[in-house]
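S.K.: I would like to see how this sequence folds:
(chains A and B)
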Number of protein chains: 2
Amino acid sequence: MTNIAILGFGVVGGGVADLITNNSYQVARLGGDDIRIKYILDLRDFPDSPFADRVVHDFDIILSDNEVDCVIEAMGGSHPAYEYTVAALKAGKSVITSNKEVVARFGDEFLALARENGVCYRFEAAVGGGIPVISPMISCVGQNKIREVRGILNGTTNYILTKMFSFGASFEESLKDAQDKGYAERNPDADVLGIDACRKIAILTALVSGELLPTDRIHTEGITSIRKEDVLNAAKVGLSIKLLGRCVIGDKGMQVMVAPFMLGSDSPLSSVSGVYNAVEIIGEPIGNVMFYGQGAGAGATASAVVGDLMQIMRSGRSYAEPVWTRGTDGICNFADFEARQYIAICGADRGAVEKVFGSAQVISEGEETAFITGIISEKTAQEGIKSLERLGATVKSRIRLI
Amino acid sequence: MTNIAILGFGVVGGGVADLITNNSYQVARLGGDDIRIKYILDLRDFPDSPFADRVVHDFDIILSDNEVDCVIEAMGGSHPAYEYTVAALKAGKSVITSNKEVVARFGDEFLALARENGVCYRFEAAVGGGIPVISPMISCVGQNKIREVRGILNGTTNYILTKMFSFGASFEESLKDAQDKGYAERNPDADVLGIDACRKIAILTALVSGELLPTDRIHTEGITSIRKEDVLNAAKVGLSIKLLGRCVIGDKGMQVMVAPFMLGSDSPLSSVSGVYNAVEIIGEPIGNVMFYGQGAGAGATASAVVGDLMQIMRSGRSYAEPVWTRGTDGICNFADFEARQYIAICGADRGAVEKVFGSAQVISEGEETAFITGIISEKTAQEGIKSLERLGATVKSRIRLI
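M.R.: Residues are numbered from 1 along each chain as shown, chains lettered A, B, ... in the order given. The predicted structure follows:
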């Protein structure tokens, strides 16, 4: 019998309890043991829940119970998730989380504590919801030289962008629709400003490099400045726009970022629509592989959490455990990042564009001039924009291409 | 030091030797030990290869060397791969293969022998080439109730179908192009008749059900009868055609098949083009997840083989090992399989179609009448076709929808 405690009885915690109960046959067979949900920690009571008798309000009950083998942290936020995780690991209990915020902030510390205490810290659900991403990255692709990990890491923004492309809707209209459907929060900042995706690319970067970057060192842009006109211009040349987290590994180091990118239909990420997530890994000799699925929701997230639990029950620490150090040694200056750039301006014409950027591909003329440059660095792009401004232009939009 | 022997120094065996040599740092770190390629078994000599000194011609040298921990079978075909695998497992050596033929024929026996001898039998490369499919299916999604596993399991046929859709080319023209580019064999039967995909869906079915079906009990159709006209008709209603392996699990049992299917752009499989492969898993509560990548080639296949080796070196048998039994208990009669059906006929018109199939969606009229039925069983479809033939029709094509 493996005894677990679930911290937080919200969407994820409830989903985990339901999955363990509903699919108990598969779970016991795969884990090699029966699972008992011994405690559920929450501030609230749930008198009508079938799990009502497991609900406790004091974490110390869980911490001091030596029967509890594994704690599932499904609370979200940094505190008290951080303190509870540290205490559980020190008490010799494995911890599984769906909370990308604590993994991105403290993952190095948790992994070290797990190592010291001979237990496991797992977080498959923290990136890509139900999609197996972290486990395959650790156990199936690590023998490759990884050149890039990139992904559609946030379902809310992908839903909004899909809506803008399908219906020519504005960002504001599409956001409202996402909120009405429950895909976006009333305060959508964490999604639309790229904060959520930034945490996830920080985790993926740590997995491939061993270095956990502070999220404020990751260049992060959201999708709030993408306009209907940009969508039309992109569609005109067969491109779509996706908010991507990218960790690009070159000879000089890593470029890590979250930003909208225009991409062609030859990229498998371009056809990932709606609330779906996908992570693409490019390496040698594997080529490119992509993992696709539901990036959020009770069921998908619970599947990832319980998958982690099965692995711990079967293999414990014999499974490869990542070692992370906090730092910024591996990252390069973002000013050197090179890409083709889509730029839309008004107040200056094709002549000005060609004067500054040479043979740019002009894709729209009229009230605005929209064009795509060759491959240039961020520094060159910014200098070019300043030159255009000196020639009387106002920059309306800039989006990189992939 | 982990000593390995590679059986067969062709594309896959050579790729494995190269990967272990070129990425030795990652491989040693992930496997927790250095790897030595002690022997390479081949009929030929390779005097110019850096591995020339490891080449042996007698399997008994490998079998009797107690230092050899793991044998990588990259020979292909059933014999002597079968005999060598049995002997290696009985000698207490783990075996890794990229050979879908032996896994589909003898996988149950190999897994049992591995169990009895306390070693591992692994075959990630046998389905989807480099794509992590089998490992995530075992270790990440098994806690779900799996409703279906389906995939584009053969790159050659997907290349041919992509070519037919992109250029309106015929099957014959597209096959010739695939042969010219080295994507298809001179004798393409194993690919275009669905034999290769059939072996792979047999393996995937065993993974989700525990039952290894004889391949002759899997309904298997290839792509040789798909015509330009069918491609045009499909495109007209926004559908593509993909050769899919499917294992559909219903309340009464499984329907397992390989056949071309028409599918809409809402299916993530529809955008998998060229030689790429993808496997989609649909389960509860995970929803649908898809794994995408290169289904063949030296590098991708080697990545999967070496990934298996890393897992064995780290975890050995503590990892979940499948148990398969050979049988047909789980499969249903294919006559009961239900789907919408695309049918193209000549010699009879819309009136005849409506008389037989009721309110079918007619998508083309003229020399041929092409239409799509509602959801009907195979039995009903075949009876309907007989009725149409009695009304003077000749059936030119029939393709199911998904």
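S.K.: now stretch A:45-63: buried residues?
M.R.: A:51, A:54-56, A:59, A:62-63 (16 or more other CB atoms under 10 Å in any protein chain shown). Where C-beta positions appear, they are placed from N, C-alpha and C, glycine not excepted.
S.K.: helix or strand for the closest residue in space to A:Arg122 that isn't next to it in sequence, which one?
M.R.: The shortest distance from A:Arg122 to any non-neighbouring residue, by CB to CB, 6 or more residues apart in numbering or on different chains, is to A:Asp308 (3.8 Å). Using DSSP states H and E, A:Asp308 sits in helix A:298-315.
S.K.: looking at the buried residues of stretch A:45-63, which are in helices?
M.R.: Residues of the buried residues of stretch A:45-63 located in helices (DSSP state H): A:59, A:62-63.
S.K.: quick one: name the residues of the stretch 201-350 of chain A near chain B.
M.R.: Within the stretch 201-350 of chain A, the residues that sit near chain B (CB under 8 Å from any CB of the partner chain) are A:265, A:268, A:271-272, A:276, A:283-294, A:297-300, A:302-304, A:306-307, A:310-311, A:314-316, A:318-320.
S.K.: can you pull out the helices in chain A?
M.R.: A:11-22, A:24-31, A:59-63, A:81-90, A:100-116, A:134-139, A:155-167, A:171-180, A:189-192, A:195-209, A:228-236, A:298-315, A:350-357, A:378-390.
S.K.: just the buried ones from the residues of the stretch 201-350 of chain A next to chain B, in ChimeraX syntax?
M.R.: To isolate the buried members of these in ChimeraX, using 16+ other CB under 10 Å:
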select /A:268,271,272,276,283,285,286,287,288,289,290,291,292,293,294,297,298,299,300,302,303,304,306,307,310,311,314,315,319,320
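S.K.: outside of stretch A:34-44, which residues touch it?
M.R.: Contacts of stretch A:34-44 with the rest of the structure, by CB atoms under 8 Å, 6 or more residues apart in numbering or on different chains, involve A:1-9, A:13, A:17, A:20-21, A:24, A:27-28, A:46, A:51, A:54-59, A:61-62, A:65, A:67-68, A:309, A:313.
S.K.: go through the ones in helices among the buried residues of stretch A:45-63 and name the one nearest A:Ile160.
M.R.: The closest of those to A:Ile160 turns out to be A:Phe59 (CB to CB; 37.3 Å).
S.K.: burial count for A:Arg36?
M.R.: Neighbourhood size, A:Arg36 [other CB atoms under 10 Å in any protein chain shown]: 15.
S.K.: over to the one 4 residues further on?
M.R.: Using other CB under 10 Å, A:Ile40 has 26 other residues around it.
S.K.: give the bridge partners for it, please.
M.R.: A:Ile6, A:Val55 (DSSP bridges).
S.K.: again, but for A:Val362
M.R.: A:Phe371.
S.K.: so it versus chain B, what's the distance?
M.R.: Distance of A:Val362 to chain B, given as CB to the nearest CB, to the nearest Å: 28 Å.
S.K.: show me the contacts for that residue.
M.R.: The contact partners of A:Val362, by CB under 8 Å, 6+ apart, come to A:350, A:353, A:369-371.
S.K.: would you turn the buried residues of stretch A:45-63 into CSV with pLDDT and distance to B:Ala81?
M.R.: Putting the buried residues of stretch A:45-63 into CSV (pLDDT from 0 to 100; distance: CB to CB, whole Å) gives the following:
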residue, pLDDT, distance to B:Ala81
A:Phe51, 97, 51
A:Arg54, 97, 52
A:Val55, 98, 56
A:Val56, 98, 57
A:Phe59, 98, 56
A:Ile62, 98, 52
A:Leu63, 98, 54
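S.K.: isn't A:Ile131 right up against A:Gly297?
M.R.: No: using CB atoms under 8 Å, A:Ile131 makes no contact with A:Gly297, being 11.6 Å away.
S.K.: circling back to that earlier point, B:Gly210 is nearest to which of the helices of chain A?
M.R.: Among the helices of chain A, helix A:24-31 sits nearest to B:Gly210 (CB to CB), with 9.9 Å.
S.K.: and the stretch 51-200 of chain A, which residues reach chain B?
M.R.: So the stretch 51-200 of chain A meets chain B at A:124, A:130-132, A:135-136, A:139-145 (CB under 8 Å from any CB).
S.K.: among these, which ones are buried?
M.R.: Among these, those buried by neighbour count (16+ other CB under 10 Å) are A:124, A:130-132, A:135-136, A:139-144.
S.K.: and the least confident of the residues you listed?
M.R.: Of all these, A:Ser139 carries the smallest pLDDT score, 89.
S.K.: from A:Ile399, how far out is it?
M.R.: 36 Å (CB to CB, to the nearest Å).
S.K.: if we can go back for a sec, which of the helices of chain A comes out lowest on mean pLDDT?
M.R.: Mean pLDDT per stretch puts helix A:24-31 lowest among the helices of chain A, at a mean of 87.
S.K.: ok so, going back, looking at the buried residues of stretch A:45-63, spot the one nearest B:Val208.
M.R.: Nearest member of the buried residues of stretch A:45-63 to B:Val208, counting by CB to CB, is A:Phe51, at 29.3 Å.
S.K.: so the closest one touches A:Asp18, yeah?
M.R.: No: counting by CB under 8 Å, A:Phe51 sits too far from A:Asp18 to count as a contact (9.3 Å).
S.K.: list the buried residues in stretch A:389-400.
M.R.: In stretch A:389-400, counting by 16+ other CB under 10 Å, buried: A:391, A:393, A:395-400.
S.K.: oops, could you answer that again for stretch A:224-240 instead?
M.R.: By neighbour count with 16+ other CB under 10 Å, stretch A:224-240 contains the buried residues A:224, A:226, A:229-231, A:233-234, A:239-240.
S.K.: which two from those end up farthest apart in space?
M.R.: Comparing all pairs in the buried residues of stretch A:224-240 by CB to CB, the longest separation belongs to A:Thr224 and A:Leu239, at 19.7 Å.
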